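Novice: test case, fold it:
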Amino acid sequence: MQEGTFYTALSGALALQRRLDTVANNLANATTSGYKADRLDFNGVMSRVQAAGAGSPGEPVVFPVLEGSRTNFDQGPLKETGRPLDFALEGEGFFEVRTADGGTAYTRDGRFHLNAEGVLTDSEGRAILDRRGQPITLDSGEVRANASGELFTPGNDSPVGHLAVYRPEDPGQLQKQGDNLYQAPAETMAEATEARVRNGQLERSNVNTMQEMVRMMDLQRAYQSMTQAMKTVDKAYSESGQRLANPGR
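Specialist: Residues are numbered from 1 along each chain as shown. Now for the predicted structure:
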């Protein structure tokens, strides 16, 4: 019984540590433009702990097992910046960027810049792509965009570029890759016809800071309870071992 209690507490503590890490990451990105909060899914798996000194299983024990992570893709609030190269998306959709290996990735972070060649890039220098899959080149940073993503610069009545905005057929196919980027098989992405581009605005993170802080405090208390349970069981093991080693005392 003690063995089962110890391993149940240990697996619970490990699961809580993973949850704490996820909540801490959400809080760390609470001010990151376009960031989407994560959640972990666990499931209980029943096992039977081998009874000490016996050849048959002992009592059943439930261990939490990580099934995967979920990203909350709910819309974040929009913030006016007045900066021409800031873009936000309203509705389902992602901007498309060119990665260093020549592939593509997707982001909701619309803090864009112009490099020395006039190519529109994200904050890490990755090219922003148009609907033909090509980098967008502009002759001026004083750009404006309409709701469909067409780009205009001073002196040009016709669009000089068109932001590519795609949405996944199944949001579960998007995988976070770091740097606020997502990847998914190209065949699972479709044009986000209902998304609206907002120029001079940024989408804020959808992390609810207050909820995450409350969740972190609850998880910390639960983690402390689990570790205390392991200490109690370990102490009981030690005392039992001492009594067995010194039966006359």
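Novice: check contacts around the residue nearest in space to the middle of the chain.
Specialist: Taking C-alpha atoms, centre = their mean as the criterion, residue 38 is the residue nearest the geometric centre of the chain, at 4.4 Å. In this structure, residue 38 makes contact with 22, 25-26, 69-72, 176, judged by C-beta atoms under 8 Å, 6 or more residues apart in numbering. Quick note: C-beta positions are derived from backbone N, CA and C, even for glycine.
Novice: look up how far residue 72 lies from it.
Specialist: Remark: distance between residue 38 and residue 72 (C-beta to C-beta, to the nearest Å) = 7 Å.
Novice: likewise for residue 21?
Specialist: Residue 21 is 17 Å from residue 72, by C-beta to C-beta.
Novice: got the domain boundaries for this protein?
Specialist: 2-73+207-245, 78-203 (automatic domain parsing).
Novice: wait, which of the contacts of residue 38 is closest to residue 198?
Specialist: Within those, distances to residue 198 taken as C-beta to C-beta reach their minimum at residue 72, with 20.7 Å.
Novice: tell me, how many residues neighbour the closest one?
Specialist: Using other C-beta atoms under 10 Å, residue 72 has 14 other residues around it.
Novice: how about low-confidence regions in the protein?
Specialist: For the chain, residues meeting the criterion pLDDT under 70 lie at 1-11, 42-68, 229-230, 233-249.
Novice: quick one, helices of it?
Specialist: The residue ranges that make up the helices of the chain, judged by DSSP state H, are 2-28, 209-245.
Novice: residue 170 contacts residue 188, doesn't it?
Specialist: Yes. Between residue 170 and residue 188 a contact is recorded at 6.6 Å, counting by C-beta atoms under 8 Å.
Novice: may I have the beta-bridge partners of residue 182?
Specialist: When bridges are called by DSSP bridges, residue 182 pairs up with residue 106, residue 176.
Novice: enumerate every residue touching it.
Specialist: 94, 105-107, 174-176.
Novice: cutoff 6 Å now
Specialist: For residue 182, the residues meeting the contact criterion (C-beta atoms under 6 Å, 6 or more residues apart in numbering) are 106, 174, 176.
Novice: and if you look at residue 163?
Specialist: Residue 163 makes contact with residue 149, according to C-beta under 6 Å, 6+ apart.
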